[in-house]
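1. just need the structure, nothing else, for what follows:
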Amino acid sequence: MTHTPTTEAAEATDARSYRWVIEASILLLQFAMGLSFLAVAPLFPLIIEAFAVDNATVSLLVGVTSLAVALALVPASLLAARLGSRWSLVLGGVLMGCTALSLFAGSFPLLIASRVSFALGAAINLSATPGVLLRWFPTKELSVVNGANVIAQSLGVTTSMLLGPRLAGPLGWDGALSTFGAAALAATALWLVLGRTPAEASGAAANFTLGDLVAVARSRVVVLLSIGLAGALGAFISLQSWLPTFYHEQRGYSLEQAGTISGLLSFFGILGALIGSTLPVRIPRRRPFLIAGGLGIPLFAAGATAIDLPLLLIPSILLLGIVGWVFMPVVFTIPMELPGMNAARVGIAVAMVLGAANLAGFVVPLLVGYLRDLTGSFTPGLAIACALAPALAACAWAMPETGPIDAGQPAEPDAGRAPAV
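-> Numbers count the residues shown, from 1 in each chain. Below is the predicted model of the structure:
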């Protein structure tokens, strides 16, 4: 069959339009990931009662998830480079959907196993998604698309915080978790039907070499971003994990009230992610958003934990949610703007950055739970956690600006793929 220039142009237009179908499918996967990531947090008291474990032990449900994500991200990025984005996201979605088996978790180790499965799936999803976006979207749209995906994650976390305690009434805590896992399986089924790879990207996985891994690991920006994000997310994940129990035990709120307040943290995070995805389009700078998050988290966390007056508590939660998410779209965008990036390399870079952050997300919440058991208060642990957040501001100050103007990149590149290596 002969393709005329008109036919080829029409096919190219159809391919460009299809990127929004791809993004819609990814948004559902990101939302499903957010649903299950911290869904156990507002249910901690019920799980403690069901399995007769202490605070440090129950915190493993979040900590082990972060640890497994941290350890799996780089191998998952290599798998995604070899397997291809479509089937990588299918595999990741199925593993995330294993949370649906929480109904059959008759012991705490089995519940931990379901969380590890979810973490492995999330690691594959996080590693494969940047390559998909880089192939389908022009560079000028990446900040907005990354922001939309972060918002979908935040919306998922918010939904689980608000609905989890309410579903636990009629369904039990295990039924609530299984419901969120079923959502991941549904989103995966939709991606299986709609997901595909651009024709011009076929064979890209075969170009991946070990040199890509070495080059990314030696990048100064990747190293600094990894250290900084570890400090900020170690603090923020600790706050998201323990604030429901903090408000329930130390403030005397009901589970529903505590879950609602903590859900507001993620809800206002949507506003932060929206700011972090739209402002960089008009103000092509990345470092100010990182600095705002690193300095803002400890400042507003103090208000969220030290103030028990509703008129002062809610504004603190609002501002904490904004600064806790405002830098995340930028975190995903910076690796895509580095010189010499392609789909394989950007997946590895994002995996390294998020791997360091999730390692901190394992250690720091566990420390908070341990100090709670040791001292009888959440205050010492949360104070130590929040003291780590300014590392993001310090690392941002030390790294070069990657925004289009300072980086010397054209304002509107012709394609969404970084230069081949």
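
2. ok, residue 212 - contacts?
-> Contacts of residue 212 were listed using Cβ atoms under 8 Å, 6 or more residues apart in numbering, and they are 81, 342, 344-345, 348, 421. All C-beta spots, glycine's among them, are computed from the backbone N, C-alpha and C.

3. report the buried members of these.
-> Among those, those buried by neighbour count (16 or more other Cβ atoms under 10 Å) are 81, 342, 344-345, 348.

4. over to residue 377. Which of the three states is it?
-> Under DSSP: H, G, I helix; E, B strand; the rest coil, residue 377 falls in the coil class.

5. not counting its neighbours along the chain, what's nearest it?
-> Leaving aside its chain neighbours, residue 377 sits nearest to residue 250 (7.1 Å; criterion: Cβ to Cβ, 6 or more residues apart in numbering).

6. check which helix or strand residue 293 maps to.
-> Element membership for residue 293 (DSSP states H and E) is helix 287-306.

7. chain center to that helix: distance?
-> A distance of 18 Å separates the C-alpha centroid of helix 287-306 from that of its chain, computed with Cα atoms, centre = their mean, to the nearest Å.

8. what helices or strands is that helix leaning on?
-> The helices and strands touching helix 287-306, judged by 3 or more Cβ pairs under 8 Å, 6 or more residues apart in numbering; DSSP states H and E, are helix 220-249, helix 255-282, helix 310-325, helix 328-337, helix 379-386, helix 390-398.

9. try it again at 6 Å.
-> Contacts defined by 3 or more Cβ pairs under 6 Å, 6 or more residues apart in numbering; DSSP states H and E place helix 287-306 against helix 220-249, helix 310-325, helix 379-386, helix 390-398.

10. re the thing from before, what's the pLDDT at the residue nearest to residue 377?
-> We note a pLDDT of 82 for residue 250 in this prediction.

11. for stretch 320-336, C-alpha coordinates in PDB please.
-> Taking C-alpha atoms only, stretch 320-336 is exported to PDB below (Å, rounded to 0.1, in the frame of the first residue of the first chain):
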ATOM      1  CA  LEU A 320       1.100  22.200  54.400                       C
ATOM      2  CA  GLY A 321      -0.800  20.300  51.700                       C
ATOM      3  CA  ILE A 322       0.200  22.900  49.100                       C
ATOM      4  CA  VAL A 323       3.900  23.000  49.900                       C
ATOM      5  CA  GLY A 324       4.000  19.200  50.300                       C
ATOM      6  CA  TRP A 325       2.900  18.700  46.700                       C
ATOM      7  CA  VAL A 326       3.900  21.900  44.900                       C
ATOM      8  CA  PHE A 327       7.400  20.600  44.000                       C
ATOM      9  CA  MET A 328       6.400  17.100  42.800                       C
ATOM     10  CA  PRO A 329       5.500  18.000  39.100                       C
ATOM     11  CA  VAL A 330       8.900  19.800  38.900                       C
ATOM     12  CA  VAL A 331      10.600  16.700  40.300                       C
ATOM     13  CA  PHE A 332       9.300  14.600  37.400                       C
ATOM     14  CA  THR A 333      10.000  17.300  34.900                       C
ATOM     15  CA  ILE A 334      13.700  18.100  35.800                       C
ATOM     16  CA  PRO A 335      15.100  14.700  34.600                       C
ATOM     17  CA  MET A 336      13.300  15.100  31.300                       C
END
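
12. quick one: contacts of that stretch?
-> Residues from elsewhere that reach stretch 320-336, judged by Cβ atoms under 6 Å, 6 or more residues apart in numbering: 142-143, 146-147, 150, 154, 229, 236, 265, 268-269, 271-273, 275-277, 286, 289-290, 292-293, 296-297, 300-301, 304, 346, 349-350, 402.

13. so what's residue 29 closest to, chain neighbours aside?
-> Residue nearest to residue 29 in three dimensions, not counting chain neighbours: residue 187, with 4.9 Å by Cβ to Cβ, 6+ apart.

14. the residue nearest to residue 377: neighbour count?
-> Residues lying near residue 250 (other Cβ atoms under 10 Å) number 15.

15. narrow the contacts of residue 212 to those in helices?
-> Judged by DSSP state H, these include 81, 344-345, 348 as members of helices.

16. hang on, the earlier thing: next, the angle helix 255-282 makes with the helix holding residue 293.
-> Counting by axes from the mean of the first three to the mean of the last three Cα atoms, to 10 degrees, helix 287-306 lies at 160 degrees to helix 255-282.

17. can you list the buried residues in helix 287-306?
-> Those would be 287-298, 300-301, 303-305, for helix 287-306 by 16+ other Cβ under 10 Å.

18. quick revisit: which residues touch the residue nearest to residue 29?
-> 28-29, 32.

19. tell me the predicted confidence for it.
-> Per the predicted model, pLDDT is 96 at residue 187.

20. farthest pair in the ones in helices among the contacts of residue 212?
-> Using Cβ to Cβ, those span at most 9.0 Å, a distance reached by 81 and 345.

21. on that earlier part again, save the buried ones among the contacts of residue 212 as a markdown table, and put in distance to residue 47 and pLDDT too.
-> Below are those laid out as a markdown table (distance: Cβ to Cβ, whole Å; pLDDT from 0 to 100):
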| residue | distance to residue 47 | pLDDT |
| --- | --- | --- |
| 81 | 37 | 76 |
| 342 | 43 | 72 |
| 344 | 39 | 71 |
| 345 | 40 | 79 |
| 348 | 35 | 83 |
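
22. surely residue 44 and residue 245 touch.
-> Yes - the criterion here is Cβ atoms under 6 Å, and residue 44 meets it with residue 245 at 5.1 Å.

23. pLDDT weak spots in the stretch 101-250 of the chain?
-> Along the stretch 101-250 of the chain, segments meeting pLDDT under 70 span 198-210.

24. which residues of it fall in helices?
-> For the stretch 101-250 of the chain, helices defined by DSSP state H, counting those that start in this stretch occupy the ranges 108-136, 139-194, 210-217, 220-249.

25. mind putting the ones you listed in a markdown table, distance to residue 389 included?
-> Output for those, formatted as a markdown table (distance: least, Cβ to Cβ, whole Å):
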| stretch | distance to residue 389 |
| --- | --- |
| helix 108-136 | 21 |
| helix 139-194 | 18 |
| helix 210-217 | 25 |
| helix 220-249 | 4 |
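
26. which element, helix or strand, includes the closest residue to residue 115 other than its chain neighbours?
-> Distance criterion Cβ to Cβ, 6+ apart; nearest residue to residue 115, sequence neighbours excluded, is residue 65 at 4.8 Å. Remark: residue 65 resides in helix 60-83, with elements defined by DSSP H and E.
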